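Chemist: requesting a structural model of the entry that follows:
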Amino acid sequence: MDDGIQGLKVMVIDDSKTIRRTAETLLRKAGCEVITATDGFEALSKIADNNPDIIFVDIMMPRLDGYQTTRLIKNNKVFSKTPVIMLSSKDGLFDRARGRIVGSEEYLTKPFTKEELLGAIRKHVLA
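Modeler: Got it, this is the predicted structure:
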């Protein structure tokens with residue numbers, strides 16, 4: 001079944017190898033091309049090289065956190081329209097609001113499900 005997700009380039013930025021692996025496995029099974037990065041700095045160069053259709057970014061990361069990374073992506077003319085979904089183990093109102101302020105489209109709480117990941121892609125890339 002192909003609902004348009006196959007072939008999409010999805011970037012997952014998270015300093016947790018487990019989260020990156022989980023997301024990568026789920027997304028690959030759905031037919032996505034997955035690009036991973038361990039932090040914001042690594043992600044920014046990979047975004048420029050790969051031009052992903054959607055970006056999932058963890059909030060708590062060393063060096064450049066998810067908010068800073070999202071702000072940099074959204075302030076870049078080329079990538080400002082790329083949907084950014086924040087991932088966090090905290091489900092706080094403040095975090096959600098801060099995510100909105102820097103320009104993220106959605107906020108998923110970890111651990112996320114396959115349905116949540118694919119649902120976010122359907123909603124923000126295919127809608």
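
Chemist: I'd say Leu117 and Leu26 touch.
Modeler: Yes. In this structure, Leu117 is within contact of Leu26 by CB atoms under 8 Å, at 5.7 Å. C-betas here are computed from N, CA, C, even on glycine.

Chemist: and stretch 73-92, what's its mean pLDDT?
Modeler: Stretch 73-92 shows a mean pLDDT of 94.

Chemist: got the buried residues for the lowest-mean-pLDDT helix or strand in the chain?
Modeler: One helix or strand of the chain scores below all others by mean pLDDT, DSSP states H and E: helix 93-101, with a mean of 92. Neighbour counts over helix 93-101 (16 or more other CB atoms under 10 Å) mark Asp95, Arg96, Arg98, Gly99 as buried.

Chemist: tell me the two of these that are most distant?
Modeler: The largest separation in the buried residues of helix 93-101, counting by CB to CB, is between Arg96 and Arg98 at 7.3 Å.

Chemist: before we move on, the earlier item: can I get the buried residues of helix 93-101 in TSV including distance to Tyr107?
Modeler: Output for the buried residues of helix 93-101, formatted as TSV (distance: CB to CB, whole Å):
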residue	distance to Tyr107
Asp95	7
Arg96	5
Arg98	10
Gly99	5
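
Chemist: neighbouring contacts of the helix or strand encompassing Ala43?
Modeler: Using DSSP states H and E, Ala43 maps to helix 40-50. Contacts to helix 40-50, defined as CB atoms under 8 Å, 6 or more residues apart in numbering, come from residues 9, 11, 13, 35, 37, 55, 57, 61, 63-66, 68-69, 72-73, 79, 82.
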